[in-house]
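A.B. asks: I need the structure of the sequence given here:
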Amino acid sequence: MHSSIDAGAHDRSGTASSALLLCAAVVDTQNRLTQKVLQQCETREQFKELFTQLYDYPKYGTPFKRGDRYYYYYNSGLQQQYVLYGQDSLKADPVVLLDPNTLSDDGTVALRDAEFSDNGGLVAYSLSSGGSDWSTIKVLSVGPSGTAVQHDDLLEHVKFSTIAWTHDHKGFFYNRYAPPQKSDLGTETDANTNQLLCYHVVGQPQSSDVVVLADPDHALWMFGAEVTDDGQYLLISVSEGCQPQNRLYYLDLNRVPKAQDTQALDFSKFDFEKGQGKLPLVKLIDNFDASWDYVANDGQDFTFKTNLAAPRYRVVRVNLSSAGDPSSWPDVIPQHPKDLLQSAVALQGDELVVRHLRDVKGALARHKLSTGELVQEFDLPGIGSVGGFSGNRKSKEFFFSFTSFVEPGSTYRFDLAAASPQPELFRATQLKVPHNPADYEVKQVFVPSKDGTKVPMFITHKKGLQLDGSNPTLLYGYGGFNISLEPGFSASRLAWLAGYNGVYAQANLRGGGEYGIEWRNAGSKENKQNVFDDFHACAEYLYQAGYCCPGKLIIQGGSNGGLLVAACINQRPDLFCCGMAQVGVMDMLRFHKFTIGHAWITDYGDPDKADDFKWIYPYSPLHNVRVPQEGSQQYPALILATGDHDDRVVPLHSLKLISELQYQLARAAADSSKQRNPLLIRVEVRAGHGAGKPTAKIIAETADLIGFAAQCVGAKWQAADVAAGGDGHAKANL
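C.D. replies: Residues are numbered from 1 along each chain as shown. All right, here's what the predicted structure looks like:
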């Protein structure tokens, strides 16, 4: 019997090795073909040079305070990864706490997360390698001078994890999975199921960590952990998939005994795998009817942000001792008639800062935490978004950043303890090359889709643009997973605008979160076709308004947006000249079988169910490649991009689609095939879905894609020498 099993395993290993070698050969052949075509793109190097110059500016994260020190992330310009700095005061010299650039020669080790203990003395931080979602957690102490003192702690097999310290500063909660079967993390395709919530005591080996929560009966559930501001409660958010819904449990940490030797919380008797006792969790919300996000608590009086009976969200309050039905919990801030409530952050005292999205533009206001009363609305400088925000209940001070399509951003500080509190400019980001935001025009239009729904779209270009249909235009979209595409600065898009005198359009399609749950639902599951109809409508608007013509339009999207690009080209190849589909979900009949793909069933549906299959199959990019029967009888030029370590949307999606495209559209003899537009794929080595990608790889990939697209639409290089003059200052005043 053992002999039979071993022989079978050996045979499968041989087959797998052969398949891997074949796949590697295919990738190499495709990459060589792509590079051969890219070498013919006349403006690729010019774009790369300009993009590099524009990308090379100091990038500051929003400051945040932990313990007695301030911290911020910083990239001097072209560093491969951001560095975490700390300082004693906002005017003190910064000190490096964590620099991931020292951890690899090629910049592919990234700092994914860094969470401080309540007193600011310890940091648990996670590192990933090669773009994979897998990470390891390490621990350091903040030394007297602010430098790091490394500990021996090493936690492995961590993925989609929260890090939540208990306020005794002795341990933290985190998530892990069973060890993957492949050693080259990020290249496996096995489904990620049975996530565990664990507790780690600093200084102990991972083998001693207790499994606090698991649920084998619900293998797809995931557990987020958060410790309340006062340190008394552990909140556990239970999710299944990506829809904005979660169960909410809590645990009074005072009910957990302490170990005699370390005085750390001792969960051993509650260990899911070995313990004898039952964890005294209270299931405050035990259904997936709505989402619940912790805002603040004063003892047992809790404040939450929720979408229960409020698709644009509201803030509610409940006392744990008499919770009752959640539908009876009173409003602190009711749902706005139109605006989306994005976040609510409680500060020291009776202070609550609330962020809204108003027709996809950022809005920020100050309220009373006790009553929700509006105290002050902040005037923000034009069309843009409130990005980073930091503040907590230990202080009346908070920071926020504001950015727009043509402004690299500014950071503002607000001290509510001041006699007449007003936002003050803390730091304005400055480009190193000449750039005047006033040279550009940004406007928002509302495009009627196929069913009459008005779809917002931002359009950015240089002032004085001639609306004669001749402008090279880049249309970007996403449309899914409740994600809002807000105005934001991008050096690559600025290089597109400046280098080619191009137009950049950003469509806010249904399926996203721009207007709340109803907008998201209108582009999900059986309504997914609405997303593609919205994108088609935006393309047609750009033609009708004179921005471009089909021969000048490029479409771009990544991940769910890669699906968008591929599906739209399948359905309307006549509308576009070129498509750039990055790390896209292309096989809609098998997406749920690989890594974390099962979590997307809440957006796409389950293709194993007959009713869901009926709406999924007609738009699945892989299964709907056909030679067009009208017009030029060919597809637009298309370039797919993926990474060999993408374990979010595994590269087989893009590899299968490019094979199908080339087979269906170019298999005929050269003299009979109508397909003359190139169909290519670019596979990046030691890269994943995008997070943690080093700067050099970002610049190289972007230059390849934009250089290719510009060649396809015949865009001419129009930029003067960018370093010729100017003060390089980007102005942003509140």
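A.B. asks: Can you list the low-confidence ranges for this protein?
C.D. replies: 1-22, 668-671, 720-734 (pLDDT under 70).
A.B. asks: And the helices in it?
C.D. replies: 2-38, 44-55, 491-500, 517-521, 529-544, 560-571, 601-604, 610-616, 652-666, 695-713 (DSSP state H).
A.B. asks: Out of those helices, which gets nearest to residue 81?
C.D. replies: When those are compared by Cβ to Cβ, helix 695-713 sits nearest residue 81, at 7.8 Å. C-beta here means a position set from N, CA and C on the backbone, and glycine is covered the same way.
A.B. asks: Now do the closest one: which elements does it pack against?
C.D. replies: Packing partners of helix 695-713 (3 or more Cβ pairs under 8 Å, 6 or more residues apart in numbering; DSSP states H and E): helix 2-38, helix 44-55, helix 491-500, strand 553-558, strand 578-582, strand 637-643, strand 679-684.
A.B. asks: Check the offset of the second one from the chain's centre.
C.D. replies: Per Cα atoms, centre = their mean, to the nearest Å, the displacement of helix 44-55 from the mean C-alpha position of its chain is 25 Å.
A.B. asks: Could I get the buried residue list for it?
C.D. replies: For helix 44-55, burial by neighbour count (16 or more other Cβ atoms under 10 Å) applies to 44, 46-55.
A.B. asks: one step back: kindly reformat the helices of the chain as TSV and extend each row with distance to residue 137.
C.D. replies: Below are the helices of the chain laid out as TSV (distance: least, Cβ to Cβ, whole Å):
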stretch	distance to residue 137
helix 2-38	30
helix 44-55	30
helix 491-500	32
helix 517-521	32
helix 529-544	37
helix 560-571	28
helix 601-604	28
helix 610-616	37
helix 652-666	29
helix 695-713	24
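A.B. asks: Out of these, which one sits most buried?
C.D. replies: helix 560-571 (a mean of 26; mean count of other Cβ atoms under 10 Å).
A.B. asks: For that helix, list the C-alpha coordinates in CSV.
C.D. replies: This file holds the C-alpha atoms of helix 560-571, laid out as CSV (Å, rounded to 0.1, in the frame of the first residue of the first chain):
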residue,chain,number,x,y,z
ASN,A,560,-10.8,43.2,-11.6
GLY,A,561,-10.0,46.0,-14.0
GLY,A,562,-8.0,43.6,-16.1
LEU,A,563,-11.2,41.5,-16.4
LEU,A,564,-12.9,44.7,-17.4
VAL,A,565,-10.5,45.5,-20.2
ALA,A,566,-10.6,42.0,-21.6
ALA,A,567,-14.3,41.6,-21.4
CYS,A,568,-14.9,45.0,-23.1
ILE,A,569,-12.6,44.2,-25.9
ASN,A,570,-14.3,40.9,-26.5
GLN,A,571,-17.7,42.6,-26.6
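A.B. asks: what angle sits between it and helix 652-666?
C.D. replies: Interaxial angle, helix 560-571 versus helix 652-666 (axes from the mean of the first three to the mean of the last three Cα atoms, to 10 degrees): 20 degrees.
A.B. asks: Which secondary structure elements does helix 560-571 sit against?
C.D. replies: Packing partners of helix 560-571 (3+ Cβ pairs under 8 Å, 6+ apart): helix 529-544, strand 553-558, strand 578-582, strand 637-643.
A.B. asks: Among the ones you listed, single out whichever gets nearest to residue 144.
C.D. replies: Closest among the helices and strands packed on helix 560-571, once you apply Cβ to Cβ, is strand 637-643, at 41.2 Å.
A.B. asks: and that closest one with strand 553-558, angle?
C.D. replies: Going by the same axes, to 10 degrees, strand 637-643 makes 20 degrees with strand 553-558.
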